[in-house]
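**Q** Have a look at this fold, sequence not included:
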């Protein structure tokens with residue numbers, strides 16, 4: 001049976017807590033600020049609940065945090081830059097909320113980040129070119145948002161990345177001719193349902209590990225569109 005109610009403030013007294021999993025319950029309301037006292041916390045999963053309000057800036061005080069999953073809640077507002085200044089963070093999942101505003105450039109400070117999932121929100125603006133600083137990133141999914149502008153070349157220079165998904169945005173411009181030259185590990189590339197134009201670059205043939213390619217519902221030139229997605 002699922003737990004219900006709010007997270008009690010007294011939870012902050014567990015100062016030696018390393019892992020906290022409250023996922024798949026019926027918790028609601030805002031997160032108590034007393035959680036900033038959980039200085040040893042490395043794993044935090046609050047997914048599949050009914051938490052609301054803005055994502056608190058005090059997450060930035062949890063310096064040991066490595067895994068943070070807030071997906072499938074009702075968080076609103078923009079992403080505070082202080083929240084993303086967690087140097088040990090390896091996995092961040094904020095998918096399926098109602099977050100809006102720009103993706104903060106400060107997210108690129110999380111140099112140990114391996115997996116970033118921001119899908120199914122209301123984020124707009126450009127994809128930060130500073131993502132090139134995320135040298136350990138292997139999964140980048142920002143699908144079904146309201147992103148615009150071109151895809152920065154820096155995204156295609158993250159050598160460890162295996163999955164890129166930007167489906168269902170309003171991204172425009174051309175794909176770079178050097179696409180895949182710096183992506184030896186890329187296995188899945190999803191760019192469908194955008195406003196990309198120009199030719200499909202021949203350099204895609206350099207992605208020797210590529211297994212799934214989705215480019216449908218764009219504005220590419222030529223007589224056909226490559227579509228290899230499931």
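**A** On my side now, so go ahead. Treat the numbers as computed from the prediction; the structure is a model and nothing was measured. Numbering: from 1, shown residues only.

**Q** Quick check: phi and psi on residue 181?
**A** phi -60, psi -30 (degrees, to the nearest 10).

**Q** which ones are touching it?
**A** Residues in contact with residue 181 (C-beta atoms under 8 Å, 6 or more residues apart in numbering) are 156, 203, 206. In short, each C-beta sits where N, CA and C put it, glycine included.

**Q** Can you get me a residue count around the first one?
**A** Spelled out, that is residue 156. Here the number of neighbours of residue 156 (other C-beta atoms under 10 Å) works out to 21.

**Q** Surely it is in a helix?
**A** Yes. If the criterion is DSSP: H, G, I helix; E, B strand; the rest coil, then residue 156 is within a helix.

**Q** Let me see the domain layout of this protein.
**A** Domain assignment for the chain by automatic domain parsing gives 1-97, 126-230.

**Q** weakest of those domains by average pLDDT?
**A** Mean pLDDT per stretch puts domain 126-230 lowest among the domains of the chain, at a mean of 89.

**Q** Show the contacting residues for residue 131.
**A** By C-beta under 8 Å, 6+ apart, the neighbours of residue 131 are 107-108, 137, 140, 152, 154-155, 158.

**Q** brain fart, residue 40
**A** 15-18, 64.

**Q** Considering those, which possesses the most neighbours?
**A** Busiest of those [other C-beta under 10 Å] is residue 17, holding 18 neighbours.

**Q** Isn't that one up against residue 38?
**A** Yes. If you go by C-beta atoms under 8 Å, residue 17 and residue 38 touch, sitting 5.4 Å apart.

**Q** What residues are bridge-paired with the residue nearest to the spatial centre of the chain?
**A** Taking C-alpha atoms, centre = their mean as the criterion, residue 117 is the residue nearest the geometric centre of the chain, at 2.7 Å. Judged by DSSP bridges, the bridge partners of residue 117 are residue 93, residue 141.

**Q** I'd guessed it sits against residue 139; true?
**A** Yes. Residue 117 is in contact with residue 139 according to C-beta under 8 Å; the separation is 7.2 Å.
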